[in-house]
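Visitor: A predicted structure for the sequence below; I have some questions about it.
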Amino acid sequence: MRGFGAGGVAVAVLVTAMTATGCGEGETDGGLLAEEASVSTPYSGPLRVPHKEYDEDSPRATKAESGAAGMALECDGEIASGGFGGNWSKRDGGATPEDGLRTYFEVEQPDVPRSGYRVERRDKGRVLFSYDVDGRTKVAVIVAKDQPHRPGWGPETTASCDIAEFPPSFSEERGLEIWTDGRGRRLPLSTISSSQGSEHCDWQSAHFLELGSGADRVLYARDPKGVLDGMLTAAYDGDATLPDDARDTGYRRGEKRLWLSEDRTKAYVRTSGTVEMWPAVKPRMGCA
């Protein structure tokens, strides 16, 4: 169970927003706690550390803002999100630690699994709940009782790993396609992800591919029916030739292989029989 998580990055936002997402697994309360209510080797670090905030979007900031919850994570990669709980009224605070965990889901609306949590540790008015995959903590929620401006039980600090580290069913329910590296390891959304265009925008025939995050983020699109007219930097080509300067990224999804042009303005999705050119999307695209 033990180990300290690495720093953090924010997960990709735009592709997720354009995806027709569902409510996710375990939205109802029935399976909030796993049948095995506690773990045999709980996290032994502090459940409360000084809270810090940085005016930046960086691994350091995410790590600091997640406090003790971030320290309890056991991510394969970097922490994806984390933070310090806000204020709430007496009506929102819970009567039990489990109610405090429910308050976290109701108030924060996090994009994490909502069932299968375990009590990992209890200590002096705080309880650490963990969601584990293969015995490693991927979501950590520390609830506290009767804190300033937060009556009753509720979330004090929270942290989670990248969606790629959750069970495949979780990303599939959200329409997010997880890619792998050459060794078959699932890659985080901050590295690469893809999804079908949203029904809300009438973009179902399009497909989006997102690489990187922050200032390095690039969004590409497959648009065989032209529903993204005017939003792309070039026309989609479903029967392209791989240029000599294209490089293999090593990213895979099934039989698909991803290559990039030298200037990163075009993505080439190669299969055994075809090569498709997906152009980059213009900045600030969107639909009503």
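Guide: It's in. Residues are numbered from 1 along each chain as shown.
Visitor: measure how buried the closest residue to R247 other than its chain neighbours is and give me the count.
Guide: In space, and not counting its chain neighbours, R247 is closest to L260: 5.9 Å by C-beta to C-beta, 6 or more residues apart in numbering. Any C-beta I mention is one placed from the backbone N, CA and C, and that applies to glycine too. For L260, the tally of surrounding residues (other C-beta atoms under 10 Å) stands at 19.
Visitor: residues touching L260, list them.
Guide: L211, A246, R247, T249, K266, A267, Y268 (C-beta atoms under 8 Å, 6 or more residues apart in numbering).
Visitor: what's the distance between it and Y220?
Guide: In this view, L260 and Y220 are 9 Å apart by C-beta to C-beta, to the nearest Å.
Visitor: and the protein, what are its domains?
Guide: 21-165, 197-279 (automatic domain parsing).
Visitor: does the closest residue to H149 other than its chain neighbours count as helix, strand or coil?
Guide: Excluding its sequence neighbours, the residue lying closest to H149 (C-beta to C-beta, 6+ apart) is N87, at 4.3 Å. Taken by DSSP: H, G, I helix; E, B strand; the rest coil, the conformation at N87 corresponds to coil.
Visitor: I figured N87 hits G152, correct?
Guide: No - contact criterion C-beta atoms under 8 Å: N87 and G152 do not qualify, at 11.9 Å.
Visitor: strands along the chain, start to end?
Guide: 33-38, 79-84, 117-123, 126-133, 136-147, 150-161, 176-177, 192-196, 207-211, 218-222, 247-253, 256-260, 266-270, 275-279 (DSSP state E).
Visitor: so which elements touch the shortest one?
Guide: The helices and strands touching strand 176-177, judged by 3 or more C-beta pairs under 8 Å, 6 or more residues apart in numbering; DSSP states H and E, are strand 192-196.
Visitor: partners of the strand it packs on, with directions?
Guide: Its sheet considered, strand 192-196 pairs with strand 176-177 (antiparallel), strand 207-211 (antiparallel) by DSSP bridges.
Visitor: average pLDDT for it, rounded please.
Guide: If you average the pLDDT over strand 192-196, you get 96.
Visitor: related to what we said a few turns ago, let me have the domains of the chain in CSV, extended by distance to G175.
Guide: As requested, these are exported to CSV (distance: least, C-beta to C-beta, whole Å):
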stretch, distance to G175
domain 21-165, 6
domain 197-279, 9
